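Peer 1: Dropping the sequence and predicted coords here.
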Amino acid sequence: MSIIGNQFDVAAGARLESTGRAPSNDEIVPRFSLDDINQAFDNNEFCFYLQPKCNAETGAIVGAEALVRWNHPEYGLVSPGKFIPLLERESMVTRLDLFIWRSVCEMLSRWDGEGRNLVPVSVNVSMKDIEAIDVARVLGDLLDRFSIDARLLQVEITESAIAQNMDVVEETIRDLHARGIAVLMDDFGSAYSSLNMLKDIKVDAIKLDMKFVDLNADNAAKGLKIIESVIDMAYQLRLSIIAEGAQTAEQVSRLRELGCMYIQGYYFYRPLTVGKMEDLLEHRPDGRHFWNISKDLMHRDYRMSTNGRSMLESSSLSAHIFEILNKGVAELSRLNLITGEYRTIKRDPKLPDVYADDFHDYCHALVSKRIIHPDDAGEFLKYTRLSDLRDRLFSKKKSEFTYFRSEVEAKTSVIAFGMLVPPDCSEANPWAVVLIGIDMSFDLIAKNMKETYWQDSLTGLLNRNAYDSDVEQLRSADIGAVVCVYADMIGLHEVNNHLGHKQGDRMLCEFADTARAFFGDDRLYRIGGDEFVMISSAHTEAQTRKQLNYMRERLHTQGCEISVGVASSESTSDLPKTIEQAENEMRREKKEYYVRGGSKRQLRGLNEKLESILVRNQDMEALLRHLNGRYSFACMVNLRTESQRAIMVPDYFQKMLDAHDGSFKGALHDYCERLVAPFCKDSFSLLMDYDFIHARIESAGVLQYGYTRNDGEKFLLTIFADRRSKDETMWVFAKKDLPQVELELFES
């Protein structure tokens, strides 16, 4: 959309005098040449405006789109239609897009540094960009360079660009998603077979083409039906939908009636300068917590009835309730106690992203991301086992609340986990509401757990709780001279994406072990996901830097790269300032690392490791295929959490696992009842006593048991201890026609 400027050419104005209106800039600018474009780049004349995306019901700003403009020294603000065609002909669009992407990231980084309110900003990506560069890598590098949360940067790709080469665009979208960047399909419904594309392309939201919104007396009836159908389809596919180009109250009202809850158009805001956008965001009521459109309350179950009214009809009340919940509840979701379907309605950005449509997967994700403290993981997974929850809630028909420890960003806290059910909760009405509350007082369950409260469970270092407390105490006590180190694990996000979170955890533990080896007597803290602080009163700054060089060399041999900052002070009364100086030095070093191409070198190394892992996995698969005739199936079973990881599982046992929400013990019980010979059932049932198994494994290291199935087949079960964890065990079921093995029978 073009912006009406305020500078006019006098001669052009005279030529249009007879029309009774003043000319716009777009009418008076000449046809630009390539020299004009190059000069504009040299003089930094290109800029961007921000057009807000709003909640249609409340008007709240939930995001913005960056729109390029040319701030011409003679003609004022020039809209893209006057210069983009030339850039496309000269293959210079990508040069301009790169400039806009970088400028938007610089702005977001500045906003975050200044403590401003934040909303996600989308940038446009063209097919020319996708063909010319690795878009996901470039945007990912920008996020790393400016230390920006990936949720703050979104990408818009037009429907026509996607249709040109779906395979290439699909790969780009997949790579963007891997980096946590959401993708919006722009100009939806403008020209191509959109419905067919949505089947294959995994976008996060669609932007309804403005032609749909521009209704008149002749096409209104058909147009509204088309819009309603598109909105219904979007909700069925769990896609957010944003209508572009709404300019009148009537258009907005119609869109709201049809269930479109997000609008970008002149009715709410024209494109704004960055300064004006900052002024608008300054008065937002929700502090620095930006809205996440994909998880906004207003777009889920919008037609669900409440007391005879639809959510749409009571949207004002819903918005008010949502604001109340927003302040006191970290997550609000609906759970089907029969099927396990899990629908997140509202999620606080304080919690790490966990996207799952299945309750079992969701609960395990909470554990893997340490939203549930590792020491409480077993109890939590047992409490949230769907079959037990269903039986308990259906019979008692009473809501439940319980508490678990949490460890997010190396800080231990408490979360409340609530299950709210209606009085008639049953198979006919199986929906429950899940509430999660965070930042609760640790005193609720931590009276005798001070050690856990101060310690990071992964690395064993002091955690964020200890860090905050110690910094305040040291600042007040003033113990004299102090040296501070601020360190960051470079590329941990890439390691997690390429090699898995276990490898990332291994790197964090490697850093912690190495830090203890070189700075054992000093205070060592893990204060975030990949950030560490060391506070020393026993070393000089020179000694500390020397030790850090040795430490860096050792970590480099282990494939770990770090950026480090060091600062010192004669008094701990200045400790917060000293730590800030060390952090700033660390960030400068990290920026230089990326400028020197460090990320490319690291990515090459990660790809080599990944290739090695894939080769080993292929070799393992070949071995398993060779052994498959002898071995029936194998699983890794955690005796504490009662969870399992399948290694080689036949279809019939997988169905048993699925029927019990992944519970190995439940599947094993079914296996015993259906397939084990009657005279072996009693002894086989001991396999479901994990305490017994654990004791036998600890004493002997391995346990073997022979049994017979109903079909006469004889099997040998061997349970091994896994040296990686005292709770991990490997269960291998083998046909007994192997070379004779002395069987260790269960004691009665």
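Peer 2: Received the coordinates, thanks. Numbers count the residues shown, from 1 in each chain.
Peer 1: Quick check: residue 539 touching residue 547?
Peer 2: Yes. The criterion here is Cβ atoms under 8 Å, and residue 539 meets it with residue 547 at 7.4 Å. C-beta here means a position set from N, CA and C on the backbone, and glycine is covered the same way.
Peer 1: what do those two both touch?
Peer 2: residue 519 (Cβ atoms under 8 Å, 6 or more residues apart in numbering).
Peer 1: Can you spell out which helices and strands pack onto the longest strand seen in the chain?
Peer 2: When the chain is parsed with DSSP state E, its longest strand is strand 61-72. Judged by 3 or more Cβ pairs under 8 Å, 6 or more residues apart in numbering; DSSP states H and E, the packing partners of strand 61-72 are strand 46-55, strand 76-78, helix 93-113, strand 121-125, helix 274-282.
Peer 1: any low-confidence regions in the stretch 501-650 of the chain?
Peer 2: 501, 521, 597-632 (pLDDT under 70).
Peer 1: Would you map the strands across it?
Peer 2: Taking DSSP state E, counting those that start in this stretch to define them, one finds strands in the stretch 501-650 of the chain at 523-526, 531-536, 562-569, 631-638, 644-648.
Peer 1: Show residues contacting the helix or strand containing residue 361.
Peer 2: Using DSSP states H and E, residue 361 sits in helix 359-368. Applying Cβ under 8 Å, 6+ apart, the contact partners of helix 359-368 are 335, 340-342, 354, 356, 372, 374, 377, 380-381, 384, 386, 501, 641, 643, 661-662.
Peer 1: Give me the buried stretch members for that helix, please.
Peer 2: The neighbour-count check on helix 359-368 (16 or more other Cβ atoms under 10 Å) flags 359, 360, 361, 362, 363, 364, 365, 366, 367 as buried.
Peer 1: And the pLDDT at the last one?
Peer 2: As summarised for this prediction, residue 367 has a pLDDT of 87.
Peer 1: what does residue 135 give?
Peer 2: In this prediction, residue 135 has a pLDDT value of 93.
Peer 1: Likewise for the one 10 residues further on?
Peer 2: In this model, residue 145 is scored at 92, pLDDT.
Peer 1: ok, the closest residue to it other than its chain neighbours to residue 490 distance?
Peer 2: Closest residue to residue 145 apart from its sequence neighbours, by Cβ to Cβ, 6 or more residues apart in numbering: residue 594 at 5.3 Å. In this view, residue 594 and residue 490 are 9 Å apart by Cβ to Cβ, to the nearest Å.
Peer 1: Those two: which has the busier surroundings?
Peer 2: Higher neighbour count among residue 594 and residue 490: residue 490, with 21 against 18, using other Cβ atoms under 10 Å.
Peer 1: hmm, back to that, looking at the helices and strands packed on strand 61-72, which one is packed in the most?
Peer 2: Comparing the helices and strands packed on strand 61-72 by mean neighbour count (mean count of other Cβ atoms under 10 Å), strand 121-125 comes out on top with a mean of 24.
Peer 1: between that strand and strand 46-55, how many degrees?
Peer 2: 120 degrees (axes from the mean of the first three to the mean of the last three Cα atoms, to 10 degrees).
Peer 1: Return the list of strands paired to strand 121-125, each annotated with direction.
Peer 2: strand 61-72 (parallel), strand 153-158 (parallel) (DSSP bridges).
Peer 1: List the buried residues of the longest one.
Peer 2: It stands for strand 61-72. 61, 62, 63, 64, 65, 66, 67, 68, 69, 70, 72.
Peer 1: can you list the residues you listed in JSON lines and add pLDDT and distance to residue 107?
Peer 2: Conversion of these to JSON lines gives the following (pLDDT from 0 to 100; distance: Cβ to Cβ, whole Å):
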{"residue": "61", "pLDDT": "87", "distance to residue 107": "15"}
{"residue": "62", "pLDDT": "87", "distance to residue 107": "18"}
{"residue": "63", "pLDDT": "91", "distance to residue 107": "14"}
{"residue": "64", "pLDDT": "94", "distance to residue 107": "10"}
{"residue": "65", "pLDDT": "95", "distance to residue 107": "13"}
{"residue": "66", "pLDDT": "95", "distance to residue 107": "9"}
{"residue": "67", "pLDDT": "93", "distance to residue 107": "13"}
{"residue": "68", "pLDDT": "91", "distance to residue 107": "14"}
{"residue": "69", "pLDDT": "90", "distance to residue 107": "14"}
{"residue": "70", "pLDDT": "85", "distance to residue 107": "18"}
{"residue": "72", "pLDDT": "82", "distance to residue 107": "22"}
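Peer 1: quick one: which of those is nearest residue 189?
Peer 2: Of all those, residue 189 sits closest to residue 65, with 17.9 Å by Cβ to Cβ.
Peer 1: and the helix or strand hosting residue 729, C-alpha only, in CSV?
Peer 2: Here residue 729 sits within strand 728-735, counting by DSSP H and E. Extracted in CSV, the C-alpha atoms of strand 728-735 (Å, rounded to 0.1, in the frame of the first residue of the first chain):
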residue,chain,number,x,y,z
GLU,A,728,18.0,-46.7,32.5
THR,A,729,17.7,-50.4,31.6
MET,A,730,17.7,-52.3,28.3
TRP,A,731,15.2,-55.1,27.9
VAL,A,732,16.0,-57.6,25.1
PHE,A,733,13.6,-60.4,24.3
ALA,A,734,15.3,-63.2,22.3
LYS,A,735,14.0,-66.6,21.0
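Peer 1: what packs against that strand?
Peer 2: Where contact means 3+ Cβ pairs under 8 Å, 6+ apart, strand 728-735 is packed against strand 631-638, strand 714-721.
Peer 1: how about the last one: buried residues?
Peer 2: Neighbour-count burial for strand 714-721, counted by 16+ other Cβ under 10 Å, picks out 715, 716, 717, 718, 719, 720, 721.
Peer 1: which ones are touching residue 156?
Peer 2: 65, 122, 123, 124, 125, 183, 184, 185, 186, 207.
Peer 1: ok, now with 6 Å
Peer 2: By Cβ atoms under 6 Å, 6 or more residues apart in numbering, the residues touching residue 156 are 122, 124, 184, 186.
Peer 1: Understood, closing this out.
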